[in-house]
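[1] Provided below for reference: sequence and predicted model.
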Amino acid sequence: MGYTITEKIIKNHLAVGEMVRGEEIAIKIDQTLTQDSTGTMAYLQFEAMEVPRVKTNRSVAYIDHNMLQTGPENMDDHIYIQTVAKKHGIYYSKPGNGICHQVNIERFGVPGQTLLGSDSHTPTGGGVGMLAIGAGGLDVAVAMAGGPYYITMPEIVKVELKGKLNPGVASKDIILEVLKRCTVKGGINRVFEYVGEGVKSLTVPERATITNMGAELGATTSVFPSDDITMQFLKSQGREKDFVELKADPDAKYDLEIVVDLNELQAMAACPHSPDNVKFISELEGTKVNQVAIGSCTNSSYLDLMKAANILEGKTVSENVSLVIAPGSKQVLNMLAENGALAKLIDSGARILECGCGPCIGMGQSPNTKGVSLRTFNRNFKGRSGTVDADVYIVSPETAAVSAITGVITDPVKNIPVGALDIEIPELFKVNDNMIVEPAEDNNDVQVVKGPNIKPFPKTSVLEDKIDKKVLIIVEDNITTDHIMPSNAKLLPYRSNIPYLSDYCLTPCDSEFPERAKENSGGIIVAGHNYGQGSSREHAALAPLYLGIKAVVAKSFARIHKNNLINNGILPLVFVDESDYDKISLMDEMVMENVLDSVGKKEMTIVDKTKDIQIKTKVDITDRQIDIIKKGGLINYMKEIN
Ligand code: MIC
Ligand code: SF4
């Protein structure tokens, strides 16, 4: 029997288990990446493991999220990451060099290799044929220390792309179409593998837009074949030696199939406040726009910004629109500067930001009150932009650029100037890695510098046999980690300070939650489906841990967050009968007896003493994860097994 691309890569990296769908397996990790907002915790955890040097082929620490430097905290974090990287064999990408996923695919992506990143958009690497997976910081720390990464052997979805996109319709519209059909929870424990003739018409950056936003499906990852186009891309980066051909066998077996006819696609937008709330641009045309933002790890490549520059050439941004553009990397910005495209953008009235995440994570450029913002990003969760009542639409660079000119949502298909999309991709890109600092050869002399804002991560304790705690909050379906641990320009500088951050935990859902947790010495969270979707931030488990949360009882969990809870010793419990969710009230007293035995049996009966009812839950985790939970988290577990 033939193999899919996913199976081929997994087979080459299999460290534990067998490739049986639904079973736990572990894969060897070739490369890791971290970014600054999850990186400080990951490196504190790595240091706690006392491994002198990373054991991966390549590990890179990027600074791209936390760059406003409104006080000393951010740069203190940068210096900590820089010094810890130098000491332990990690490459360091300086602030300004670009967004981790964009730079990683340009400079380090290797087809057929595995990449684990402490950022949920790590699957961007699938654009170049990597099996690239997002994880919590602790899992990445373990991979840096040489440990394999555990996943559930995923189902593999074949996404067959037929035909070719019409001018004005972008690869962004392909992933929006997939999101529309599959929703934000349609990808859990699945890998989306793109095949078919349509693949041949997509460049690597276009493929990367799709794999990037596959994260919004909740998928383990997404992957494209590695073919002539991949070779051409690697060649343009002076890295043709990294090329390996990769394609699915003709008789490969998939678990599900989706067909997308590219000829039929139209320009689309994900409407407020979810990436799967997708509508045609034609349905939204004429909506007044206050802000347009082009950039983020989804759409900030050379090709994306060239499209924007050509559309904006000789035009003026609408008087009522603020257009901001953040190029994805120094390479992109530099090439736009050299070929004159930057001048076209500036001339049109665009505001050029530095290369980084910026507005995507609410680090500046928040829209006005009740403002409408059109963004080429990947997430439009309520409040993520920094403005709680703003309406954020997720669109392609084409839609963003034409709408910036007209001031209203505008269909690019009918409005792009003739020839604006005929972009010649240079055979050789401008390669200059002088913002990537190499690690020291010998770590003995390197001093790791920790500023005063860097606090130790909260300690976990072994699982207790009886839990008697109150329900501190009840939340609905699709709660994101942006709800659990909000991130914005005021909070991002405190990613190394869990005590400070915990005062904001779950406040977008209930402003009194942190106080209530403290008054009751911790408690239990009750949630709907897909709890913890979105970002990989481990802080969404660390802050509840600090507040004494013992268990989350939910209808279902998002993959990365569930692992983060387990890694930090918090029990993820799943309702056997979803209707029990409606029976629970805030501040009900919940008692779990014989916890250790029940966890071992993977079922837990909770007694709601206030209501005098029993609630049956599943402990839907693997035997290894049961051991981790019992020992009080992954660090304790690692210490015991080593
Ligand atoms: C995001 O897009 O939400 C982030 C910020 O990149 C996060 C990481 C973080 O919270 O630091 C992610 O996607 O994992
Ligand atoms: Fe940065 Fe936004 Fe990409 Fe997250 S989604 S890595 S914040 S650009």
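    Perfect, I can see it now. Ligands and ions are numbered 1, 2, ... in the order given.

[2] only C-alpha atoms for contact and neighbour calcs from this point on.
    Noted.

[3] would you map the helices across the stretch 351-500 of the chain?
    Remark: helices assigned in the stretch 351-500 of the chain by DSSP state H, counting those that start in this stretch are 397-406, 412-415, 481-484, 498-501.

[4] tell me how far the longest one lies from the chain's centre.
    Averaging C-alpha coordinates over helix 397-406 and over its chain gives two centres that are 26 Å apart (Cα atoms, centre = their mean, to the nearest Å).

[5] with stretch 206-217 instead?
    Distance of stretch 206-217 from its chain centroid, counting by Cα atoms, centre = their mean, is 10 Å.

[6] now do that stretch, average pLDDT.
    In this model, stretch 206-217 has a mean pLDDT of 98.

[7] contacts for it?
    Residues outside stretch 206-217 that contact it (Cα atoms under 8 Å, 6 or more residues apart in numbering) are 120-128, 171-172, 174-175, 179, 182-188, 192, 221-224, 275-276, 297-299, 378-379, 534.

[8] picking that back up, who wins for proximity to residue 607 among the helices of the stretch 351-500 of the chain?
    Proximity to residue 607, assessed across the helices of the stretch 351-500 of the chain by Cα to Cα, is greatest for helix 481-484 (25.7 Å).

[9] could you see whether ligand 2 lies near that closest one?
    No - in terms of Cα under 6 Å from any ligand atom, no part of helix 481-484 sits within range of ligand 2; the closest distance is 11.1 Å.

[10] got the CA positions of that helix in PDB?
    Output of helix 481-484 as PDB, limited to C-alpha atoms (Å, rounded to 0.1, in the frame of the first residue of the first chain):
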ATOM      1  CA  THR A 481      -6.500  31.200  24.200                       C
ATOM      2  CA  ASP A 482      -6.900  34.900  23.500                       C
ATOM      3  CA  HIS A 483      -9.900  34.700  25.900                       C
ATOM      4  CA  ILE A 484      -8.000  32.600  28.500                       C
END
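
[11] could you shift the numbering so residue one becomes 844, and keep it that way?
    From this message on, residue numbering opens at 844, which makes the last subject helix 1324-1327.

[12] name the residues of that helix that come out as buried.
    By 16 or more other Cα atoms under 10 Å, the buried positions in helix 1324-1327 come out as 1324, 1325, 1326, 1327.

[13] pretty sure the first one sits against residue 1373.
    If I follow you right, that is residue 1324. No - the pair residue 1324 / residue 1373 is not scored as a contact, 10.7 Å apart, by Cα atoms under 8 Å.

[14] select, out of the helices of the stretch 1194-1343 of the chain, the one closest to ligand 1.
    Proximity to ligand 1 (Cα to the nearest ligand atom) singles out helix 1324-1327 among the helices of the stretch 1194-1343 of the chain, at 7.1 Å.

[15] helices or strands up against the lowest-mean-pLDDT helix or strand in the chain?
    The least trusted helix or strand in the chain, going by mean pLDDT, DSSP states H and E, turns out to be helix 1477-1484, with a mean of 86. For helix 1477-1484, the packing partners by 3 or more Cα pairs under 8 Å, 6 or more residues apart in numbering; DSSP states H and E come out as helix 1402-1410, helix 1466-1474.

[16] show me what the last one is packed against.
    The criterion is 3+ Cα pairs under 8 Å, 6+ apart, and the helices and strands that helix 1466-1474 contacts are helix 1402-1410, helix 1438-1444, helix 1477-1484.

[17] which bits of the stretch 1294-1443 of the chain sit near ligand 1?
    By Cα under 6 Å from any ligand atom, the part of the stretch 1294-1443 of the chain that sits against ligand 1 consists of 1378, 1379, 1380.

[18] surely the second one forms part of a strand?
    No - the secondary structure assignment for residue 1379 gives coil rather than a strand, going by DSSP: H, G, I helix; E, B strand; the rest coil.

[19] who's in contact with it?
    Residues near residue 1379 by Cα under 8 Å, 6+ apart: 961, 962, 963, 977, 978, 979, 1324, 1403, 1404.

[20] closest one of these to ligand 2?
    residue 962 (6.4 Å).

[21] I figured that closest one was touching residue 1380, is that so?
    Yes - applying Cα under 8 Å, one finds residue 962 in contact with residue 1380, separated by 7.2 Å.

[22] name the residues contacting each of those two.
    Counting by Cα under 8 Å, 6+ apart, the shared contacts of residue 962 and residue 1380 are 881, 979.

[23] show me what the least confident helix or strand of the chain is in contact with.
    With Cα under 8 Å, 6+ apart as the criterion, helix 1477-1484 contacts 888, 892, 981, 1409, 1410, 1411, 1412, 1470, 1471, 1474.

[24] now the residue nearest to residue 1147 when sequence neighbours are not counted: how far from residue 1108?
    Spatially, and ignoring its direct neighbours in sequence, residue 1147 is nearest to residue 1240 (6.2 Å; Cα to Cα, 6 or more residues apart in numbering). Here the criterion is Cα to Cα, to the nearest Å. By it, residue 1240 lies 16 Å from residue 1108.

[25] higher neighbour count, the two?
    The neighbour comparison of residue 1240 against residue 1108 (other Cα atoms under 10 Å) goes to residue 1240, with 31 against 18.

[26] the stretch 1044-1193 of the chain: strands as residue ranges?
    Counting by DSSP state E, counting those that start in this stretch, the stretch 1044-1193 of the chain has strands at residues 1064-1066, 1099-1104, 1111-1113, 1121-1123, 1134-1137, 1165-1168.

[27] which parts of stretch 1247-1262 are buried?
    Buried residues in stretch 1247-1262, counted by 16+ other Cα under 10 Å: 1247, 1248, 1249, 1250, 1251, 1252, 1253, 1254, 1255, 1256, 1259.

[28] now, the most widely separated pair of those residues?
    Pairwise distances across those (Cα to Cα) peak at 16.5 Å, for the pair 1250 and 1256.

[29] picking that back up, for ligand 1, which of the strands of the stretch 1044-1193 of the chain is the nearest?
    Ranking those by distance to ligand 1, with Cα to the nearest ligand atom as the measure, places strand 1064-1066 first at 13.1 Å.

[30] how about that closest one and ligand 1, touching?
    No - using Cα under 6 Å from any ligand atom, strand 1064-1066 never reaches ligand 1; the gap is at least 13.1 Å.

[31] no further questions, thank you.
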